[in-house]
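K.L.:
Next come a sequence and a model predicted from it.
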Amino acid sequence: MDILNKIIENKKKEVAERKELYPIKLLESSIYFDSPTVSLKHYLQCKDRVGIIAEIKRKSPSKGNINPYVDVERTSIGYMQAGASALSILTDNTFFGGTNNDLTTARKYNYCPILRKDFIVDEYQIIEAKSIGADAILLLANVLTKEECKAFTNLAHQLGLEILLETHTLNELEYYLPETDVLGINNRDLKTFTVDIERSLELAAYLPKSVVKVSESGIKTVDDILLLKENGFNGFLIGEQFMKHSKPEKACNELISQVEHSSSLKTVSYEN
């Protein structure tokens, strides 16, 4: 069994347990359930930001522990002060070391779009995402049917949440719907966890021109971001590259500053 199948098998068991422990009526009583959300799509298109979605991830199946004792409050605030466009919070515990409390902590201290990064296999998780303070959820084309993807998108929108539809292959682009808020290309193969940024570049020409586009995983340098921008990408989800540092927010700040500097130099060059 590959890594992704193990994750999904475990996630279905986990969701079944959570349904019994935390009924939907309880989720709906959360202070966040009726709170307005912040648009990820809008923030990724803001001209005063470079489009980085900064992620908090303690560990991964391929790397093991990355930053198991990360201070979510300090790091999330630091990411936003550095100029990140949004936050991505891993809430899967078994394989990534995250918790729902991580997202709620980030929500408490930040007014910005927060993406709940998890493996959504049940409508319950979408309601749960709203109850813990998320603004957007991740839907994985390679673990859902087209019918599930459409139904989950509709429910998310009813709750005021946006979706980031994640794809990895040309065939998975068929999951794209007119109502898709943000379309992501994951440069990591979730079956083998190998990473290649060329995946985004190869699929760029096939992406709908009007949709907001995000490249995920394997993005490390200013040149990576500038190349992806030239190929039509609005957002860049970066986790491990920041999280491997003792102060992820400092690494985020340095990369954003470098991108802004390089972009300003290009603008001056064009004007001359």
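P.N.:
Thanks, I have the structure now. Numbers count the residues shown, from 1 in each chain.
K.L.:
where do the helices sit along this structure?
P.N.:
Counting by DSSP state H, residue ranges of the helices within the chain are 3-21, 24-27, 40-44, 72-82, 100-109, 123-131, 146-158, 198-203, 222-230, 240-243, 248-271.
K.L.:
Identify, out of these, the most deeply packed stretch.
P.N.:
Mean neighbour count (mean count of other C-beta atoms under 10 Å) peaks for helix 240-243 among the helices of the chain, with a mean of 23. Bear in mind the C-beta positions are built from the backbone N, C-alpha and C, glycine included.
K.L.:
Quick one, grab the pLDDT at the residue most central in space within the chain.
P.N.:
With distances taken as C-alpha atoms, centre = their mean, S88 lies nearest the centre of the chain, 4.6 Å away. S88 is assigned a pLDDT of 98 by the prediction.
K.L.:
how close does it get to D135?
P.N.:
Going from S88 to D135 by C-beta to C-beta, to the nearest Å gives 11 Å.
K.L.:
shared neighbours of these two, which are they?
P.N.:
Common contacts of S88 and D135, defined by C-beta atoms under 8 Å, 6 or more residues apart in numbering, comprise 114-115.
K.L.:
Just the CA trace of the helix or strand bottoming out on mean pLDDT in the chain, in PDB.
P.N.:
In the chain, the helix or strand scored least confidently by mean pLDDT, DSSP states H and E is helix 248-271, which has a mean of 81. Output in PDB follows, covering the C-alpha atoms of helix 248-271 (Å, rounded to 0.1, in the frame of the first residue of the first chain):
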ATOM      1  CA  PRO A 248      10.400  29.700  10.000                       C
ATOM      2  CA  GLU A 249       9.000  33.200  10.000                       C
ATOM      3  CA  LYS A 250      12.600  34.600   9.500                       C
ATOM      4  CA  ALA A 251      13.200  32.300   6.500                       C
ATOM      5  CA  CYS A 252       9.800  33.500   5.100                       C
ATOM      6  CA  ASN A 253      10.700  37.100   5.600                       C
ATOM      7  CA  GLU A 254      14.100  36.700   3.800                       C
ATOM      8  CA  LEU A 255      12.500  35.000   0.800                       C
ATOM      9  CA  ILE A 256       9.700  37.500   0.400                       C
ATOM     10  CA  SER A 257      12.300  40.400   0.700                       C
ATOM     11  CA  GLN A 258      14.400  38.800  -2.000                       C
ATOM     12  CA  VAL A 259      11.400  38.300  -4.300                       C
ATOM     13  CA  GLU A 260      10.300  41.900  -3.800                       C
ATOM     14  CA  HIS A 261      13.800  43.200  -4.500                       C
ATOM     15  CA  SER A 262      14.100  41.100  -7.700                       C
ATOM     16  CA  SER A 263      10.700  42.200  -8.900                       C
ATOM     17  CA  SER A 264      11.600  45.800  -8.400                       C
ATOM     18  CA  LEU A 265      14.800  45.400 -10.300                       C
ATOM     19  CA  LYS A 266      12.900  43.800 -13.200                       C
ATOM     20  CA  THR A 267      10.400  46.700 -13.200                       C
ATOM     21  CA  VAL A 268      13.200  49.300 -13.400                       C
ATOM     22  CA  SER A 269      14.800  47.300 -16.200                       C
ATOM     23  CA  TYR A 270      11.600  47.200 -18.200                       C
ATOM     24  CA  GLU A 271      11.100  51.000 -17.700                       C
END
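K.L.:
name the helices or strands packed onto it?
P.N.:
On a contact count with 3 or more C-beta pairs under 8 Å, 6 or more residues apart in numbering; DSSP states H and E, helix 248-271 meets strand 52-56, helix 72-82, helix 222-230, helix 240-243.
K.L.:
roughly how far is it from the heart of the chain?
P.N.:
22 Å (C-alpha atoms, centre = their mean, to the nearest Å).
K.L.:
cool, stretch 50-61 as well?
P.N.:
7 Å.
K.L.:
same thing with stretch 87-98?
P.N.:
On C-alpha atoms, centre = their mean, the centre of stretch 87-98 falls 11 Å from that of its chain.
K.L.:
start the count at 498, not 1, going forward
P.N.:
Got it, first residue is 498 now, which makes that one stretch 584-595.
K.L.:
Any idea how far apart the tips of it sit?
P.N.:
Using C-alpha to C-alpha, to the nearest Å, the end-to-end distance of stretch 584-595 comes to 14 Å.
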